[in-house]
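Colleague: okay, predicted coordinates and the sequence, questions at the end:
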Amino acid sequence: MKNRLLSIDVLRGMTIFFMIVVNTPGTWEYVYAPLRHAAWHGCTPTDLVFPFFLFIVGVSMSISMSKFLASESADASGMTRKILKRTALIFLVGLLLNWFPFYYKHILDLRILGVLQRIALAFGGAGLLVILLKDKIKLAIAAVVILFGYWLLMYSGGTGDPYSLEGNLATTFDPKVLGESHVYGGFGIPFDPEGLVSTISGIAHVLIGYFVGLQVIEMQSDHKSLVKQLILTGVGLTVLGLIWNYGFPINKPIWTSSYVLYTCGLATLLLAALTWVIDIRGRTKWTYVFRVFGLNPLVSYVLSGLFVKLMIYTVKWEGGNGYSWLYQQVFQPIFGNFPGSFMFALVYTFFIWIFAWLLYRKGKVIKL
């Protein structure tokens, strides 16, 4: 792609940076409100991080598949195998990350799904639809059908309040299919916020990012016009999400259709702002930290999970683990409760950044 936007790489890196920050406070007891997820309905700044990454997955997919889409004689079977292979690899890495360090949890109690698995399935589903339909109008119709179909499925398939924790379809369906011991239990009952049911709308999420990526490709020679178009698209999606919120509440755990539109709209607006600042105004010095993460985002995320588990399960210190000891003995005494927990997250994120920087410095890209 000619004149590739640096803002896309920066946005990708920003999402990984903040994903690591919000996932690794010194202690969950002291976390600033903006760094917490909404209890159920609603959307905090933290609830924007993961959907922004799914959005940028779609944007990147449109760019990486541009040659395939432009060629009438393209090898669809080859591209299908490539997408299925990457889907399987990302899913497997996520599954192994859930299990690591292998000895502490029996495979019969292993959580099957998670963040990387959601990325894999949403990417795979959207990618296969792009290959199958190819035409933009057909793909747009598919995205609309998915969003409205998901709303209808949740509305008709739930019990009591179909959008509540206890009453939504995912709470019933996912544990039955996967088994209660293989489903996330952090909500007090077996319910997986990255479950099978809510992955349906995640596919539409990636498709919306894909369409925004097509706008970038089509208008790459005129960045100012692109920014205007991104603003119009972003405002339109955000408003639609807010309107739909009254009937299908914005909700991350069940990844509602209104949440998809709302977060994709805000992500598009952020991409517009970054394009203006970075690609038009040329203000790039501040972007270095994020560009490093943006080159190897998934590897950086995996490393952040691995080192946390190593500190918790393999480093024992004075009756606790290495993770809690580091916060309680170093960060809390120096900075206090809330600031110390936040500083722990920042320092840990920059610790992971060092590994990403070593890859960036050598120009190595490790694709999952």
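Modeller: Nice, I can see it.

Colleague: CA only for contacts and neighbour counts going forward, please
Modeller: Will do.

Colleague: low pLDDT regions in the stretch 101-250 of the chain?
Modeller: For the stretch 101-250 of the chain, no stretch has pLDDT under 70.

Colleague: what do you get if the cut-off is 80, keeping everything else the same?
Modeller: Applying pLDDT under 80 to the stretch 101-250 of the chain flags the ranges 104.

Colleague: next up, the contacts around the residue nearest the centre of the chain.
Modeller: The structure's the chain has its C-alpha centroid closest to F50; by Cα atoms, centre = their mean the separation is 3.1 Å. If you count contacts by Cα atoms under 8 Å, 6 or more residues apart in numbering, F50 has them with T15, M19.

Colleague: likewise for T199?
Modeller: R118, L121, A122, W255.

Colleague: distance check, the third one against I208.
Modeller: To I208, A122 is 12 Å away according to Cα to Cα, to the nearest Å.

Colleague: cool, and G167?
Modeller: 28 Å.

Colleague: give me the contacts around stretch 206-218.
Modeller: 1, 54-63, 122-123, 126, 139, 143, 226, 229-230, 264, 268.

Colleague: okay, buried residues for that stretch please.
Modeller: Counting neighbours by 16 or more other Cα atoms under 10 Å, one finds that the buried residues in stretch 206-218 are V206, L207, I208, G209, Y210, F211, V212, G213, L214, Q215, V216, I217.

Colleague: out of those, which is nearest to G322?
Modeller: V206 (37.3 Å; Cα to Cα).

Colleague: ok so, going back, in JSON lines: the contacts of T199, plus neighbour count.
Modeller: As requested, those are exported to JSON lines (neighbours: other Cα atoms under 10 Å):
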{"residue": "R118", "neighbour count": "25"}
{"residue": "L121", "neighbour count": "22"}
{"residue": "A122", "neighbour count": "25"}
{"residue": "W255", "neighbour count": "23"}
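
Colleague: tell me where the stretch 251-368 of the chain has helices.
Modeller: Assigned by DSSP state H, counting those that start in this stretch, the stretch 251-368 of the chain shows helices spanning 257-274, 288-295, 297-313, 322-326, 332-335, 337-361.

Colleague: so which of those comes closest to F102?
Modeller: Nearest to F102, of the helices of the stretch 251-368 of the chain and by Cα to Cα, is helix 297-313 at 10.2 Å.

Colleague: where's the residue nearest to V302 when sequence neighbours are not counted relative to I146, distance?
Modeller: Nearest non-adjacent residue to V302, counting by Cα to Cα, 6 or more residues apart in numbering: L97, 7.3 Å away. Remark: distance between L97 and I146 (Cα to Cα) = 30 Å.

Colleague: do the same with V260
Modeller: When V260 is compared with I146 (using Cα to Cα), they lie 11 Å apart.

Colleague: identify the contacts common to these two.
Modeller: In contact with both V260 and I146: S201, A204, using Cα under 8 Å, 6+ apart.

Colleague: what about the two, which has more around it?
Modeller: Neighbours per residue (other Cα atoms under 10 Å) separate V260 from I146, with V260 holding more: 28 against 19.

Colleague: you'd agree that one is up against S201?
Modeller: Yes. V260 is within contact range of S201, at 7.3 Å (criterion: Cα atoms under 8 Å).

Colleague: all helices in the stretch 101-250 of the chain, in order from the N-terminus.
Modeller: So, for the stretch 101-250 of the chain - with DSSP H, counting those that start in this stretch - the helices run 115-133, 136-157, 169-178, 196-218, 223-244.

Colleague: among the ones you listed, which comes closest to A38?
Modeller: Of all the helices of the stretch 101-250 of the chain, helix 223-244 comes closest under Cα to Cα, at 16.1 Å.

Colleague: before we move on, the earlier item: now the contacts of T199 in a markdown table, with distance to M343?
Modeller: Formatted as a markdown table, the contacts of T199 follow (distance: Cα to Cα, whole Å):
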| residue | distance to M343 |
| --- | --- |
| R118 | 29 |
| L121 | 34 |
| A122 | 33 |
| W255 | 30 |
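
Colleague: and the furthest pair within these?
Modeller: L121 and W255 (14.1 Å).

Colleague: how confident was the prediction at the residue sitting furthest away from the middle of the chain?
Modeller: Within the chain, the residue lying farthest from the chain centre (Cα atoms, centre = their mean) is E318, at 36.1 Å. E318 carries a pLDDT value of 72.

Colleague: touching, L242 and Y262? I think so.
Modeller: Yes. With contact defined as Cα under 8 Å, L242 reaches Y262; the gap is 6.5 Å.

Colleague: those two: which is more packed in?
Modeller: A direct count of neighbours by other Cα under 10 Å for L242 and Y262 places Y262 higher, at 28 against 17.
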